[in-house]
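S.K.: Got a predicted structure here, sequence first:
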Amino acid sequence: MFGDAPSAGPEWGNSIGILGVAGRLSKSVRQTTGVCAAVALGAAVAISGVMSGGAALAQQVTVIGESYIPTIWIDPDGCEHWVMDDGLEGYMSPHTNRQGIPVCRRGNVCGVMNSDQLFRTDSANISTAGRQHLINFFRQTGAVSYIISGHTDSRASDQYNMDLSQRRANSVARLAQQSGAHIADVRGYGERLPKASNNTAAGMQQNRRVEIICIR
């Protein structure tokens, strides 16, 4: 009887097989879904980190603007300029030529001071006699502004001469300002603009000088 009992037919076998496959598919889907979710979560975290980092970097960026102080100055070309606190610039002179270019004051070399009479060798300190001579010069010339330029002979290196000529020009400019003079520019040319040949002692002495340009 039992031996004659019907075994599971094809319908049952197919049902069990289908359920097993479905179970395996369900498990695979769950695993795949979990992996996708993990990947999505990781991507979200990464994006969030990048955004946070970008925000932090954005907060660290500092934009430095340029501030302007309203003032009037004279360029070495003799032109008076003005500037407002918003950076707007212009010329003081209302006179222009046909091309619209401002007609500015003219400058000329009004003083050539021999450096040997003002400074000791390799020094930018003005002597007592030299100081008095310069004070009298600036008080008497009465120019609107001055350009001071220092020059040397060629005995030392170019770099040394450039530095020495600049320091000497600065010393003269400071003394001029103390005397009430307005300084438009200060320049050091070293040995680059010789007035005479450096092959002779007399020529080198002429080249050791401080030139003063008067802007009237």
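M.R.: Great, that's in hand.
S.K.: residue contacts, the residue nearest to residue 213 when sequence neighbours are not counted?
M.R.: Of all residues not flanking residue 213 in the chain, residue 147 sits nearest, at 4.0 Å (C-beta to C-beta, 6 or more residues apart in numbering). In this view, the C-beta of every residue, glycine as well, is placed from N, C-alpha and C. Contact analysis of residue 147 by C-beta atoms under 8 Å, 6 or more residues apart in numbering lists 76, 107, 183-187, 212-213, 215.
S.K.: a strand runs through residue 147, doesn't it?
M.R.: Yes - judged by DSSP: H, G, I helix; E, B strand; the rest coil, residue 147 forms part of a strand.
S.K.: roughly how far apart are it and residue 204?
M.R.: 24 Å (C-beta to C-beta, to the nearest Å).
S.K.: Now do the helix or strand where residue 138 lies, average pLDDT.
M.R.: Using DSSP states H and E, residue 138 falls within helix 128-141. For helix 128-141, mean pLDDT is 95.
S.K.: buried ones in that helix?
M.R.: 130-131, 134-135, 137-138 (16 or more other C-beta atoms under 10 Å).
S.K.: Is residue 137 in contact with residue 118, as I believe?
M.R.: No - using C-beta atoms under 8 Å, residue 137 is not in contact with residue 118, being 11.2 Å away.
S.K.: Compute the distance between the residue lying closest to residue 196 once chain neighbours are set aside and residue 188, please.
M.R.: Nearest non-adjacent residue to residue 196, counting by C-beta to C-beta, 6+ apart: residue 203, 3.8 Å away. Applying C-beta to C-beta, the value for residue 203 to residue 188 is 20 Å.
S.K.: Give me the more crowded residue out of those two.
M.R.: The residue with more neighbours, out of residue 203 and residue 188, is residue 188; 21 against 15, by other C-beta atoms under 10 Å.
S.K.: Identify the residues contacting the more buried one.
M.R.: Contacts for residue 188 (C-beta under 8 Å, 6+ apart) come out as 149-150, 162-169.
S.K.: Kindly recompute the last result at 7 Å.
M.R.: By C-beta atoms under 7 Å, 6 or more residues apart in numbering, the contact list for residue 188 reads 150, 162, 165-166, 169.
S.K.: In CSV: those, plus secondary structure.
M.R.: CSV is the format used below for the contacts of residue 188 (three-state DSSP):
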residue, secondary structure
150, strand
162, helix
165, helix
166, helix
169, helix
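S.K.: Farthest pair within these?
M.R.: The most widely separated members of the contacts of residue 188 are 162 and 169, with 10.8 Å between them, by C-beta to C-beta.
S.K.: For residue 155, give me phi and psi.
M.R.: Main-chain dihedrals, residue 155, degrees, to the nearest 10: phi -70, psi -30.
S.K.: Poorly predicted segments of the chain, please.
M.R.: 1-69, 71-83, 85-106 (pLDDT under 70).
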